[in-house]
Structures are given as C-alpha cells and as structure tokens.
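*Asks:* okay, predicted coordinates and the sequence, questions at the end:
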Amino acid sequence: MRIQVLGTGCARCRAVAENARRAVAEAGIEADVEEVQDVEVIMRMGVLMTPAVVIDGKVTAAGRLSSVEEIREMVRQASA
C-alpha cells in the first residue's frame, strides 16, 4: 500500500504525515508513507486544499487535519 500526504510542509501537513505513520504502525500493515510537497504533483492529483491523504492513487481526504483514527479507517477501507 502507498500512502501519500500532500502538502507544503507546513505544521498541519507534517502532523498528518505523522498521523499516517502512526495509523500504519497501529494497524500492523505494510505501507509506504510519503510526503509530497511538489505543487505541480499536488495540482495534477486534483487537490486544491492541503493537507491531503492519498491512498494507492485515490484522494481520501483533503483540506483538513486527518486524525490517526480517521487514517486507520481509510487504510482499512482501501485494503478491503
């Protein structure tokens, strides 16, 4: 599984990336968590508000600080 956290590197974006790492660890799954700060890449993905969470190429949240619990649920749904 590939999880991307899209954002400009702001505190909220870093917090979502950390929440994603915690969610993966707590769920006990194999996943790569990547922080994407390239604005061109973010725009190509259709994201207008950051931070955003992308799981296996699908935007699952944008424009808000996703909690560990929310990301864990996103991961569960994506792996189902």
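*Replies:* Received the coordinates, thanks.

*Asks:* to what extent is T60 buried, counted in neighbours?
*Replies:* 18 (other C-beta atoms under 10 Å). (Glycine included, C-beta is placed from N, CA and C.)

*Asks:* which residue is the nearest non-sequential neighbour of it?
*Replies:* M74 (4.6 Å; C-beta to C-beta, 6 or more residues apart in numbering).

*Asks:* need the CA coordinates for whichever helix in the chain runs longest. PDB is fine.
*Replies:* Identified as the longest helix of the chain according to DSSP state H is helix 11-27. Extracted C-alpha coordinates of helix 11-27, given in PDB (Å, rounded to 0.1, in the frame of the first residue of the first chain):
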ATOM      1  CA  ALA A  11       2.900  22.100  10.600                       C
ATOM      2  CA  ARG A  12      -0.500  20.700   9.700                       C
ATOM      3  CA  CYS A  13       0.900  18.700   6.800                       C
ATOM      4  CA  ARG A  14       3.700  17.300   8.900                       C
ATOM      5  CA  ALA A  15       1.100  16.400  11.600                       C
ATOM      6  CA  VAL A  16      -1.000  14.400   9.000                       C
ATOM      7  CA  ALA A  17       2.100  12.600   7.800                       C
ATOM      8  CA  GLU A  18       3.000  11.600  11.400                       C
ATOM      9  CA  ASN A  19      -0.700  10.500  11.900                       C
ATOM     10  CA  ALA A  20      -0.400   8.400   8.800                       C
ATOM     11  CA  ARG A  21       2.800   6.700  10.100                       C
ATOM     12  CA  ARG A  22       1.100   6.000  13.400                       C
ATOM     13  CA  ALA A  23      -2.000   4.700  11.800                       C
ATOM     14  CA  VAL A  24       0.000   2.300   9.700                       C
ATOM     15  CA  ALA A  25       2.000   1.100  12.700                       C
ATOM     16  CA  GLU A  26      -1.100   0.600  14.800                       C
ATOM     17  CA  ALA A  27      -2.900  -1.200  12.000                       C
END
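
*Asks:* and it, what's buried?
*Replies:* Of all the residues in helix 11-27, those buried under the rule 16 or more other C-beta atoms under 10 Å are 12-13, 15-17, 19-24, 27.

*Asks:* this completes my enquiry, with thanks.
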